[in-house]
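> Turn this into a model:
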Amino acid sequence: MRQKDFHPFIGAKMMNKTIHLVLIGFLTLSFIQTSNAQVCKPQNVASEKKQAAIKYLRRLSLDLRGRLPSYKEQLDTYNSGHVTDAVIDSMLKSNAFTQQMRSFFQDLLTLNINDLSLTQAVHVINYIKLTNSGAYAKAKDTSWIIIDRRNIPTRLLMRGANIGCLANEKAKYNTSGQLLCKLQGTNTYKPCIDLAKDRSGGTQVIAQEGYVEVHPFWDEDSTRTWRVCGQVAYTHKNITIGKATYNCDLSKSSHDRGRYNRVYCGCGPELKWCVRAGEANSGISTWKTMRTEILESMMEQSLRFIDDVIENDKPYTDILLGQKAEVNGPLSHVYRESAGTKTRIDIASSKEVTVPSVPYYRPKVWKSFTMPARSAGILTLPFFTLKYATNRGRLHRYHNAFLCQYFSPPPGGLPDPTDACHNEPDLTQRCGCKSCHQTIEPEAAHWGRWQENAWFPLNPTAFP
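Numbering: from 1, shown residues only. Take a look at the predicted model:
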């Protein structure tokens, strides 16, 4: 029948008739008994083998490249009758295979940033909009974009009220170089440090400092400066107040930096000791949040670690034992400047963990470095130790992902609730717990020299 003569109704009738004939034929054949076993065998063995080779090629291509093979690949396989080693090698060397392995490990280790957060408390600074008086601007107010502390208790200690600095008045200093704060409602200026000491002693005085023009480390435009509240712009590495010395440059853990570190210390040169927030107020639409930039970099670092093993045909065990990793701009900054901003224990510093220097605003520039001696491949990269924040959680994920082992209740269930074994404080001996914790406790200790609820290694001198 010619195409132009085809009618849907006639076609449907013909199709129904054909289906009925096929069904009748099938039912008839199903009742035929034959003694000739050869009737069910393929009539062309060579053709069957060629088809099997193409099916194998398709499975390989889907598994290794995530797509079907090309027509030419299928034709070549059909003609040769098998999948050649050269074809498999080309798949394993392709970028598509690298992407497949990336996706595999991203699923295996649940590498996503949606459920992660980075908290650096008082070291977070915001882009905010202030009026000339330092009040927080409303929609119709004339305002200035200012960088100030985000933490409200810190602003209370700095200025005596939850207000910003004087957004349209440059910072003033006395002959000793001390930043001056203007007492609210007067033209009197006093050293901001002295007023902060008074507040820590219980005397409440409201006073504000002016602004300083600063080019922050995250801004690629070297000609652009931002107004930064004077107390945020402090650059001294340490300061002595009375008998106490406050370390400002993050070379010490926070418990060594002093209670009023947040008031007496600033964000350092180019604001390198603080973390940016409030990007929406900056007017730069292309900026992501710094949290997103850092977490995305951590995830990409882990995936590039996998890439290196796959692309360079390294032993699969290097995923767990390898010592080579990479950092980009955001990670280089975090390793070198910000690692100690939120911790209560003695962590390793940039002296123990040396990484290349890459400007923060270069997220696509990656440079390799050698991980600390205690490192264990992807298991001690920042994203893994942050994603699985406790040593038990890290061990549990390792068993699930790499050993295909899961911790389950003991066979037969738990003893009677009144059994004294439930009172055993040692989890490796307590009934219902010991079947898992006899494995968990000693193996989780392998992460014992890495922070929990964080991602940096401990100081090897303090924790040999």
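> quick one: secondary structure of the residue nearest the centre of the chain?
When C-alpha atoms, centre = their mean is applied to the chain, the residue found nearest the centroid is L295 (3.1 Å). Here L295 is recorded as helix under DSSP: H, G, I helix; E, B strand; the rest coil.
> again with Q438
helix.
> From G278, how far off is V353?
30 Å (C-beta to C-beta, to the nearest Å). Heads up, the C-betas are built off the backbone N, CA and C, glycines and all.
> List the buried residues of stretch 434-442.
Buried residues in stretch 434-442, counted by 16 or more other C-beta atoms under 10 Å: 434, 436-437, 440-441.
> where's it relative to the chain centroid, distance-wise?
29 Å (C-alpha atoms, centre = their mean, to the nearest Å).
> and it, average pLDDT?
The average pLDDT within stretch 434-442 is 93.
> and what of stretch 285-303?
So the average pLDDT for stretch 285-303 ends up being 92.
> Toward the C-terminus, what is the element adjacent to the worst-scoring helix or strand of the chain on mean pLDDT?
Across the helices and strands of the chain, mean pLDDT, DSSP states H and E gives its lowest value to helix 8-30, namely a mean of 39. Counting by DSSP states H and E, the element after helix 8-30 in chain order, helix or strand, is helix 45-65.
> list the helices and strands that next one packs on?
helix 71-80, helix 85-92, helix 95-108 (3 or more C-beta pairs under 8 Å, 6 or more residues apart in numbering; DSSP states H and E).
> Now these in TSV, please, with extra columns for mean pLDDT.
Shown next, in TSV, are these (pLDDT from 0 to 100):
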stretch	mean pLDDT
helix 71-80	93
helix 85-92	94
helix 95-108	94
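> Please work out which of these is packed deepest.
helix 95-108 (a mean of 15; mean count of other C-beta atoms under 10 Å).
> Contacts for that one next, please.
By C-beta atoms under 8 Å, 6 or more residues apart in numbering, the list of residues contacting helix 95-108 from outside reads 63-67, 91, 111-112, 302-303, 306-307, 310-311, 378, 401.
> what angle separates it from helix 45-65?
60 degrees (axes from the mean of the first three to the mean of the last three C-alpha atoms, to 10 degrees).
> Helices of the stretch 351-464 of the chain, start to end?
382-387, 391-402, 434-444 (DSSP state H, counting those that start in this stretch).
> Format the ones you listed as TSV; extra columns: distance to S80.
Output for those, formatted as TSV (distance: least, C-beta to C-beta, whole Å):
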stretch	distance to S80
helix 382-387	44
helix 391-402	37
helix 434-444	49
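> related to what we said a few turns ago, looking at the helices and strands packed on helix 45-65, which is nearest to W226?
Among the helices and strands packed on helix 45-65, the nearest to W226 by C-beta to C-beta is helix 95-108 (36.4 Å).
> how many neighbours does the nearest residue to D219 once chain neighbours are set aside have?
Leaving aside its chain neighbours, D219 sits nearest to Y361 (6.9 Å; criterion: C-beta to C-beta, 6 or more residues apart in numbering). Neighbourhood size, Y361 [other C-beta atoms under 10 Å]: 17.
> do the one 3 residues further on as well
Using other C-beta under 10 Å, K364 has 7 neighbouring residues.
> give the contact list for it.
Taking C-beta under 8 Å, 6+ apart, one finds N328 in contact with K364.
> Got the confidence number for it?
pLDDT for K364: 97.
> Then R336?
The model's pLDDT for R336 equals 85.
> any idea how far K237 is from it?
Counting by C-beta to C-beta, the gap from R336 to K237 is 15 Å.
> And for P69?
Relative to K237, P69 is positioned 61 Å away (C-beta to C-beta).
> Those two: who's more crowded?
Each of P69 and K237 has its neighbours counted (other C-beta under 10 Å); P69 has more, 21 against 15.
> excluding its backbone neighbours, what's nearest the more buried one?
S61 (4.3 Å).
> try F407
Excluding the flanking residues, the one nearest F407 by C-beta to C-beta, 6+ apart is C436, at 4.3 Å.
> Check S297 too.
Nearest to S297 is P330, by C-beta to C-beta, 6+ apart, at 4.3 Å.
> how near is that neighbour to P372?
In terms of C-beta to C-beta, P330 sits 20 Å off from P372.
> So which of these two has more stuff around it?
With neighbours defined as other C-beta under 10 Å, P330 and P372 compare such that P330 has more, 26 against 17.
> ok, and the closest residue in space to E279 that isn't next to it in sequence, which helix or strand is that part of?
Nearest non-adjacent residue to E279, counting by C-beta to C-beta, 6+ apart: W287, 4.6 Å away. Applying DSSP H and E as the criterion places W287 outside every helix and strand.
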